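[1] return atomic coordinates for the entry below.
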Amino acid sequence: MKQAILFASFGVVNAEARTACIDAAAAQIAAAFPDYEVRQAYTSVFIKKKLAGQGVQVDSLPEALENLHEEGFTRVIIQPGYLTAGEEYAKKVQAVVEEFQPKFAELIISRPLMQRQEDCQEMLTVLQAIFVLESGDELVLVGHGSPHQHNPAYENLQFLADEAGLPVHIGVIEPTDTPDFAAVLTRLRRKRAQNILLAPLLLAGGAHVNEDIAGSEPESWLSRLQAEGFNVRTSLKGLGEYPEFQKLYVQRINELRL
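    Numbering: from 1, shown residues only. Okay, the predicted model is just below:
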């Protein structure tokens, strides 16, 4: 039986972030499951087009599944690279799987990293291992968020951090979603914070990190926090660079009890 694992992520244009984060996470999966062929797919049409203009070809999820079908693979597991089960997951993974289900003996979707409450606890444990704070630091983590479909995963993660008494504050980039910058600022003021470690709550670096989170423009999170008088240091790596984070994908697949 020919079997494959498809690591389906939103994708990223930046070549260094692609190698260090997405490719590294896929390699961790491949090492853990040597009996499976591991391939990748990007769900962002915009990113695929940008990469094609640079001569880089990455399959969409439908393209990757069609290729696997034509090559005779009968069992395929899709591991989403997303942190949350949001709009992208519903439209670009679940809907595609429904379409392709009849073509495979087994077509299985694993779940995003923070779909369940207990998942958020695992994520929090990993984040504590990754980010070592100096005395008096407050950690501000910025995820993507959704413009159309609010996802409670970020608030669940914040609840667990607060319950554990951790100096962690979760925000999202999308201006129409929450927790937004204003919510995080209120929390920091309430704690009378002075020193902040600002980092992405994202699989990969790239434009969101270099512009929205830590850019030099006045609307970036870094600029706005500095304008409020905070001392801010940054950690600009996407989470995919950290082996502790990569192993969460392996864990999700193992939970399928293959």
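[2] most remote residue from this protein's center?
    Here the chain reaches farthest from its C-alpha mean at Met1, the gap being 31.1 Å by Cα atoms, centre = their mean.
[3] report the contact partners of it.
    By Cβ atoms under 8 Å, 6 or more residues apart in numbering, the contact list for Met1 reads Thr74, Arg75, Ala105. (Glycine included, C-beta is placed from N, CA and C.)
[4] now do the helices in the stretch 1-150 of the chain.
    Remark: helices assigned in the stretch 1-150 of the chain by DSSP state H, counting those that start in this stretch are 15-17, 24-32, 45-53, 61-70, 87-89, 95-100, 117-130.
[5] likewise for the stretch 151-258 of the chain?
    Under DSSP H, counting those that start in this stretch, the stretch 151-258 of the chain gives helices at 153-163, 181-190, 207, 221-227, 243-254.
[6] any idea how far Val97 is from Pro152?
    23 Å (Cβ to Cβ, to the nearest Å).
[7] more neighbours, the two?
    More crowded of Val97 and Pro152, by other Cβ atoms under 10 Å: Val97, with 17 against 14.
[8] mean pLDDT per helix and strand in this structure: which one sits at the bottom?
    The weakest-scoring helix or strand in the chain, judged by mean pLDDT, DSSP states H and E, is helix 207 (a mean of 80).
[9] contacts for that one next, please.
    Counting by Cβ under 8 Å, 6+ apart, the neighbours of helix 207 from elsewhere in the structure are Val13, Asn14.
[10] and it, how far out from the chain middle?
    14 Å (Cα atoms, centre = their mean, to the nearest Å).
[11] ok, stretch 73-89 next?
    12 Å.
[12] same deal with stretch 141-153?
    Using Cα atoms, centre = their mean, the offset of stretch 141-153 from its chain centre is 11 Å.
[13] quick one: mean pLDDT for that stretch?
    Here stretch 141-153 scores 86 as its mean pLDDT.
[14] how far does that stretch stretch from start to finish?
    End-to-end distance for stretch 141-153, by Cα to Cα, to the nearest Å: 13 Å.
[15] again, but for stretch 145-159
    End-to-end distance (Cα to Cα), stretch 145-159: 17 Å.
[16] check stretch 106-114 too.
    Across stretch 106-114, first to last residue, Cα to Cα, it's 24 Å.
[17] ok now do the residue nearest the centre of the chain, which residues does it touch?
    Closest residue to the average C-alpha location of the chain: Leu203 at 3.6 Å, with Cα atoms, centre = their mean. By Cβ under 8 Å, 6+ apart, the residues touching Leu203 are Ser9, Phe10, Cys21, Ile22, Ala25, Gly81, Tyr82, Leu83, Gly238, Leu239, Gly240.
[18] then Leu83?
    Counting by Cβ under 8 Å, 6+ apart, Leu83 has contacts Pro112, Leu113, Met114, Met123, Gly143, His144, Ala153, Leu201, Leu202, Leu203.
[19] now with 10 Å, please.
    89, 112-115, 119-120, 123, 143-144, 151, 153-154, 157, 201-203, 239, 245, 248 (Cβ atoms under 10 Å, 6 or more residues apart in numbering).
[20] burial count for Glu70?
    Neighbour tally, Glu70, other Cβ under 10 Å: 9.
[21] and the gap between it and Gln101?
    From Glu70 to Gln101 the distance is 16 Å (Cβ to Cβ).
[22] what does Ile173 give?
    Relative to Gln101, Ile173 is positioned 33 Å away (Cβ to Cβ).
[23] so for those two, which sits in the more crowded spot?
    Per other Cβ under 10 Å, whichever of Ile173 and Gln101 has more neighbours is Ile173, with 21 against 11.
[24] the more buried one reaches Leu141, doesn't it?
    No - using Cβ atoms under 10 Å, Ile173 makes no contact with Leu141, being 11.4 Å away.
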